[in-house]
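Asks: Build me a model from this:
(2 chains)
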Amino acid sequence: DAGITQSPRHKVTETGTPVTLRCHQTENHRYMYWYRQDPGHGLRLIHYSYGVKDTDKGEVSDGYSVSRSKTEDFLLTLESATSSQTSVYFCAISEYQTGLSAGYGYTFGSGTRLTVV
Amino acid sequence: SQQGEEDPQALSIQEGENATMNCSYKTSINNLQWYRQNSGRGLVHLILIRSNEREKHSGRLRVTLDTSKKSSSLLITASRAADTASYFCATAPKGIEDSWGKLQFGAGTQVVVTP
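Replies: Residues are numbered from 1 along each chain as shown, chains lettered A, B, ... in the order given. Here you go, the predicted structure:
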């Protein structure tokens, strides 16, 4: 997707190992989000960032940490991967806060399919 | 927990027919958005409707919002095979401080359009 890339696209890792997923944007958008997508659950927010070094937890943040040292990069780390973290992970960006009544949509990356064995 | 729930979960239609899917949500919202996801791809933003709007159009898409019933519908007219995808509604909750600004997604409606 234009302006936002996720890496890697696919990864298989072993239980107990740390894993870092990267989201890179070229849009200079302030807000960045990490979601996971699982069958029957839609997308669930893991963490989000509202600026460099400013992050907050989402509804399924346990076992995950994030960092944002530059506007363009938002990293998601699974500290010790478990089989329950097998999922497709999506990064999203938005220029403005979508909670405003004006409202703005998100731009999503193509996702990272992570398998924990 | 999911804010929005789409109905039906799956929909199969023929080209040229209209496709209608619904979304119900639980709490007050600032806006509601619809996204499309093609297989193996990320979500693509289709349309946004604000809480003070009742209907919105974009090309072959028509979205309605009924805040009294906490529901929305997405209509795709004259469907094409290329419309085959999953469609998700997402809500921007209002008045819930720890949810402010964070879109909440439903589980989606899978639409298959056959030629």
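Asks: Up against chain A, what does chain B have?
Replies: With C-beta under 8 Å from any C-beta of the partner chain as the criterion, chain B meets chain A at residues B:1-2, B:4, B:30-31, B:33, B:35, B:40-45, B:48, B:50-52, B:88, B:90, B:92-94, B:100-108. Every residue, glycine included, has its C-beta placed from N, CA and C.
Asks: How about the contacts made by the residue found closest to residue A:17 once you drop the neighbours it is linked to in the chain?
Replies: Excluding its sequence neighbours, the residue lying closest to residue A:17 (C-beta to C-beta, 6 or more residues apart in numbering or on different chains) is residue A:81, at 5.5 Å. The neighbours of residue A:81, taking C-beta atoms under 8 Å, 6 or more residues apart in numbering or on different chains as the test, are A:13-19, A:114, A:116.
Asks: what's the helix or strand for residue A:81?
Replies: Per DSSP states H and E: residue A:81 is located in neither a helix nor a strand.
Asks: pLDDT wise, what is it at?
Replies: For residue A:81, the pLDDT comes out at 97.
Asks: filter the residues of chain B next to chain A to the buried ones?
Replies: B:2, B:4, B:30-31, B:33, B:35, B:41-45, B:48, B:50-51, B:88, B:90, B:92-93, B:101-108 (16 or more other C-beta atoms under 10 Å in any protein chain shown).
Asks: Which ones among those map onto strands?
Replies: Among those, DSSP state E puts B:4, B:30-31, B:33, B:35, B:43-45, B:48, B:50, B:88, B:90, B:92-93, B:104-105 in strands.
Asks: what's the neighbour count on residue A:12?
Replies: Counted with other C-beta atoms under 10 Å in any protein chain shown, the neighbours of residue A:12 add up to 10.
Asks: Who are the contact partners of the nearest residue to it once chain neighbours are set aside?
Replies: Closest residue to residue A:12 apart from its sequence neighbours, by C-beta to C-beta, 6+ apart: residue A:115 at 4.7 Å. By C-beta under 8 Å, 6+ apart, the contact list for residue A:115 reads A:11-13, A:86.
Asks: Three-state assignment for residue A:115, please.
Replies: Secondary structure assignment for residue A:115 (DSSP: H, G, I helix; E, B strand; the rest coil): strand.
Asks: From residue A:87, how far out is it?
Replies: The spacing between residue A:115 and residue A:87, counted by C-beta to C-beta, to the nearest Å, is 9 Å.
Asks: now residue B:11
Replies: Taking C-beta to C-beta, one finds residue B:11 at 25 Å from residue A:87.
Asks: Same question for residue A:77.
Replies: Distance of residue A:77 to residue A:87, computed by C-beta to C-beta: 15 Å.
Asks: and if you look at residue A:61?
Replies: Counting by C-beta to C-beta, the gap from residue A:61 to residue A:87 is 14 Å.
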